[in-house]
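Trainee: Provided below are the primary sequence and the corresponding predicted coordinates.
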Amino acid sequence: MANVDLVQFLSDQRAYAWLLTGLLLLGASMVAGEPVVASLGIAAVITAIAAITVKSIAIELVLWGILSICLIIVLRGMVPKQALDLSPDAEATVSEVITKGGIGLVIYEGSLWKARCQISDIAITPGEVVQVVARQGLTLIVMPTRFLEEPSDRQ
């Protein structure tokens with residue numbers, strides 16, 4: 001009987017160790033803000049529950065490892081990603097004339113880009129500074145920063 005009590009005692013101690021480890025990792029994840037640490041903590045808490053009935057530490061470690069990997073994959077997918085879109089208030093300089101309804105070239109963040117004016121009946125001359133408002137594929141959509149009076153065809 002003493003042997004059975006010892007096995008039960010050690011099993012309970014492992015369950016408490018898993019639970020304590022899980023709670024510590026969850027606390028650390030609140031400070032770090034990293035979903036990987038939270039995943040390891042949640043997996044340890046679940047393993048603590050399983051350790052009550054599972055008598056093999058090898059099975060517990062495998063369970064914790066599999067749960068950790070699965071939770072990392074799930075939780076990383078839930079974290080919002082930084083937008084790879086254009087930064088707000090981005091400006092570019094026209095390098096080649098942007099014709100009315102056509103495409104020209106601008107220098108944006110040190111690179112040459114194709115650009116189209118969002119207002120199709122405005123032409124933008126080289127040297128003008130434009131506001132980058134969107135991107136469609138490899139073409140920037142721009143707006144002039146100032147609207148100059150264009151010569152009218154009317155007399």
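Mentor: It's in. Numbering: from 1, shown residues only.
Trainee: which is the succeeding secondary structure element to the helix or strand of the chain with the lowest mean pLDDT?
Mentor: When the helices and strands of the chain are compared on mean pLDDT, DSSP states H and E, helix 2-32 comes out lowest with a mean of 78. For helix 2-32, the following helix or strand on the C-terminal side (DSSP states H and E) is helix 35-50.
Trainee: and the next helix or strand after that next one, average pLDDT?
Mentor: Next along the chain after helix 35-50, taking DSSP H and E as the criterion, comes helix 57-78. Average pLDDT, helix 57-78: 90.
Trainee: stretch 111-130 now?
Mentor: 90.
Trainee: contacts for stretch 100-114?
Mentor: Stretch 100-114 is contacted by residues 90, 92-98, 115-117, 120-124, 130, 132, 138-140, 142 when judged by CB atoms under 8 Å, 6 or more residues apart in numbering. C-beta coordinates here come from the backbone N, C-alpha and C atoms, glycine included.
Trainee: quote the end-to-end distance of that stretch.
Mentor: End-to-end distance of stretch 100-114 (CA to CA, to the nearest Å): 14 Å.
Trainee: equivalent analysis for stretch 53-60, please.
Mentor: Note: stretch 53-60 ends 10 Å apart using CA to CA.
Trainee: tell me the buried residues in it?
Mentor: 54, 60 (16 or more other CB atoms under 10 Å).
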